[in-house]
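Participant: give me a 3D structure for the following:
(one chain, ligands or ions: 1)
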Amino acid sequence: MPKVEVTTICSDAENSLFTVSSRKDQLTPEDNSIILPTSNDDTLTVINNNLDTNCKPASENGGTDTTTIITTNPKNQKNCNIKITKNATSNRLPRIKILGTGGTIASKGSNSSQTAGYHVDLTIQELLDAIPDISEICEIEYEQLCNVDSKEISHVQLLKIYKGISNSLQKFDGIVITHGTDTLAETTFFIESTIDCGEVPIVFVGSMRPSTSVSADGPMNLYQAICIASDAKSKNRGTLVSLNDQISAGYYITKTNANSLDSFNVRQGYLGNFVNNEIHYYYPPVKPQGITKFKLNIDKSESEADADAELLPPVCILYAHQSFDSTLLDLVATRYKGIVIATMGAGSLPDIVNEKCLELSNIPIVYSKRSMDGMVPIANLPNRCSNVIAGGYLNPEKSRILLQLCLYSKYSFDEMRDIFNGVYGG
Ligand SMILES: NC(=O)C[C@H](N)C(=O)O
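Facilitator: Model prediction:
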């Protein structure tokens, strides 16, 4: 038990009220320091200072994100209430970091009717030039992490995005990432599985039409994403996707239409809507249930991105079909550390393929599904206690990422099964 105790009496977006009380005599000066999470802009008010407490605001505390409280009269059994007024109540605008990665939102065609065959050509600065004035909504900083079509995003760029977000979390109130829509759901799934963003909204955004097209959707989508990241209502919701006026959970979203502006679908439901500068959330802050947050043990510096990329073990996806050839499994087993199969229906594979999967007993094989909806239940596995794991509700590309993270963490087959099972009932 600490000898000096801090109790949070109340804590909301704007205020935190703590009680500090001494508990025992025989306190040494070191016992009397208490660190509270505050930032430079917070104001501290000591109420009922029965404890002779000395509060040092963060600004006088070496500019860290904490406040040291020192009780100078520790033997006194009385309390001291300290109110920390969060900077939301000061008039500072939210600070938003924008990370550019490319995609159609950063693309140009050769004429205004072209909506295919365009190429990535715009920097994040040029994208920002095309949106309405946001100087009264937030302060922004931006960084170009890469500028590619999202088909080119591999584990190298993925780790760059991971680092870009991780490095910005402490300094910004919200983060926006521009990204191609084709593989956006893989990146958002990876980020939600690896970053604990606390209350900071991480908002991914893309577009379906290039910037040169009539009625290009990119500028409005980007504008909305910045507003969403700046809004206090977006806190504590994890990784979000803002596209076509809808706000969705990055963990669950799937691209379901290859061409339409309404390209994303989420069976778990949209979280909210953006209309005429108003953000409407349908639910209170919520994060996807039962996620395993994987800890990536990597250097967060930029220069290490390429070296770290080796860390994610290769996993491939095989797409099953009538006459599916089991020898394909032998071919990929020599190169990949894990395999995901998009099975027919809810885990159906020809008997000969099931036998081959069990034969490859050292390689984890996740049974996912070709169907967009529904799940693969454990009951449909050829053997419940082997190297074969049910992917539950996860589609093949998300199963692939989850399996990579399990392999990276060196989990046993049983632990992998628990991770897939815990989140998705697989
Ligand atoms: N709409 C898009 O962004 C598609 C593009 N091919 C990409 O994913 O980068």
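Participant: so the residue in the chain positioned nearest to the ligand, which state does it fall into?
Facilitator: For the chain and the ligand, the shortest gap (CB to the nearest ligand atom) falls at residue 180, measuring 2.0 Å. C-beta: built from backbone N, CA, C; applies to glycine. Under DSSP: H, G, I helix; E, B strand; the rest coil, residue 180 falls in the coil class.
Participant: any idea how far it lies from residue 149?
Facilitator: In this structure, residue 180 and residue 149 are 5 Å apart, going by CB to CB, to the nearest Å.
Participant: of the two, who's got more company?
Facilitator: Set side by side, residue 180 and residue 149 show more neighbours around residue 180, with 23 against 18, by other CB atoms under 10 Å.
Participant: overlap in contacts, residue 180 and residue 149.
Facilitator: Shared contacts of residue 180 and residue 149 (CB atoms under 8 Å, 6 or more residues apart in numbering): 102, 103, 104.
Participant: any chance of those in CSV, with distance to residue 251 and neighbour count too?
Facilitator: CSV is the format used below for the shared contacts of residue 180 and residue 149 (distance: CB to CB, whole Å; neighbours: other CB atoms under 10 Å):
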residue, distance to residue 251, neighbour count
102, 22, 26
103, 20, 29
104, 23, 29
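Participant: which residues sit in contact with the residue of the chain closest to the ligand?
Facilitator: 101, 102, 103, 104, 105, 148, 149, 150, 151, 153, 206.
Participant: please redo it, this time with the cut-off set to 7 Å
Facilitator: With contact set as CB atoms under 7 Å, 6 or more residues apart in numbering, residue 180 has these partners: 102, 103, 104, 149, 150, 206.
Participant: now residue 340
Facilitator: Contacts for residue 340 were tallied using CB under 7 Å, 6+ apart; they are 315, 317, 366, 368, 396, 399, 400, 403.
Participant: for my notes, confirm it occurs in a helix.
Facilitator: No - in this structure, residue 340 is strand, not part of a helix, as judged by three-state DSSP.
Participant: bridged to it, which residues?
Facilitator: residue 317, residue 366 (DSSP bridges).
Participant: can you pull up the residues of the stretch 51-200 of the chain that come close to the ligand?
Facilitator: Counting by CB under 6 Å from any ligand atom, the positions of the stretch 51-200 of the chain adjacent to the ligand are 103, 104, 149, 150, 180, 181, 182.
Participant: contacting residues around the helix or strand containing residue 176?
Facilitator: Here residue 176, judged by DSSP states H and E, is contained in strand 174-178. Defining contact as CB under 7 Å, 6+ apart, one finds that strand 174-178 is touched by 94, 96-101, 103, 105-106, 124, 127, 161, 165, 168, 200-206, 222, 225-226, 229-230, 234.
Participant: just those: which are in helices?
Facilitator: Counting by DSSP state H, the members of the contacts of strand 174-178 that fall within helices are 124, 127, 161, 165, 168, 222, 225, 226, 229, 230.
Participant: buried subset of those residues?
Facilitator: Burial by neighbour count, 16 or more other CB atoms under 10 Å: within the ones in helices among the contacts of strand 174-178 this picks out 124, 127, 161, 165, 168, 222, 225, 226, 229, 230.
Participant: just say helix, strand or coil for the nearest residue to residue 337 once chain neighbours are set aside.
Facilitator: In this structure, residue 337 finds its nearest non-sequential neighbour in residue 313, 4.0 Å apart by CB to CB, 6 or more residues apart in numbering. The three-state label given to residue 313 by three-state DSSP is coil.
Participant: tell me the strands beside the strand holding residue 176, with direction?
Facilitator: Sheet pairing of strand 174-178 (DSSP bridges) gives strand 95-102 (parallel), strand 202-205 (parallel).
Participant: tilt between the helix or strand that that strand is followed by and strand 174-178?
Facilitator: Tracing the chain past strand 174-178, the next element assigned as helix or strand by DSSP H and E is helix 184-194. Here the directions of helix 184-194 and strand 174-178 differ by 150 degrees (axes from the mean of the first three to the mean of the last three CA atoms, to 10 degrees).
Participant: mind listing residues that contact helix 184-194?
Facilitator: 150, 153, 158, 161-162, 165, 179, 202, 204, 206, 238-239, 241, 250-251, 253-255, 288, 291, 293-294, 296, 397-398, 401-402, 405.
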